[in-house]
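K.L.:
sharing a model that was predicted from the sequence below.
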Amino acid sequence: MEESELENTTKWTSKKLHGQYKRQVAYMRSHQWRTPTYYKAKILHMTNDPKCRMCKEKDETVAHIVSACSKIAGSLYKTRHNNVAAAVHHSKCQHYEIKTTDNIWLHKPNAVTENNKVKVLWDFEIKTDRQIEARRPDLVVIDK
């Protein structure tokens, strides 16, 4: 590229409206590795294999990555779930004036947290008269 051409391109891309296309294309290229293989195979026709890069079982769609991949299910999904449940626990503790950390993401729930108003149970097995498979809820708030 000649110097004057490079200078013109620089001027063009630095303009707020005219340079928007160039900036968006550069942004899209920088995130290409995150594009699911299903999209690459079916829409862009860049590859023939739409299968998930992790489990190689199902098509790698956004829904599959976020909630259905068997390779991710054992670790990342549970961690994400527990982080959200801990944030809800923190919110309930603050609502009922139970002392907690100020930072919601540093909050580590105890199995039993209580004051004179409520008792909050975290990941606590509930005793039942008969056998119930799902008897360990994430969070139980007992009003005293």
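P.N.:
Received, thanks.
K.L.:
only C-alpha atoms for contact and neighbour calcs from this point on.
P.N.:
OK.
K.L.:
longest helix of this structure?
P.N.:
Across the chain, the helix with the greatest residue count (assigned by DSSP state H) is helix 78-95.
K.L.:
what sits up against that helix?
P.N.:
99-100, 104-105, 107-109, 120, 122, 138-139 (C-alpha atoms under 8 Å, 6 or more residues apart in numbering).
K.L.:
10 Å instead?
P.N.:
Contacts with helix 78-95, where a contact means C-alpha atoms under 10 Å, 6 or more residues apart in numbering, come from 72-73, 76-77, 97-110, 113-115, 118-123, 138-141.
K.L.:
any of those buried? List them.
P.N.:
By neighbour count, with 16 or more other C-alpha atoms under 10 Å, those hold 98, 100, 104, 109, 113-114, 118-123, 138-140 as buried.
K.L.:
quick check, nearest of those residues to His18?
P.N.:
Ile104 (42.6 Å; C-alpha to C-alpha).
K.L.:
what about the residue found closest to the closest one once you drop the neighbours it is linked to in the chain, neighbour count?
P.N.:
Leaving aside its sequence neighbours, Ile104 sits nearest to Ala87 (C-alpha to C-alpha, 6 or more residues apart in numbering; 5.9 Å). Ala87 sits with 18 neighbouring residues when counted by other C-alpha atoms under 10 Å.
K.L.:
and Asn48, how far from Thr9?
P.N.:
Relative to Thr9, Asn48 is positioned 36 Å away (criterion: C-alpha to C-alpha, to the nearest Å).
K.L.:
was I right about Lys127 contacting Arg136?
P.N.:
Yes: judged on C-alpha atoms under 10 Å, Lys127 makes contact with Arg136 at a distance of 9.2 Å.
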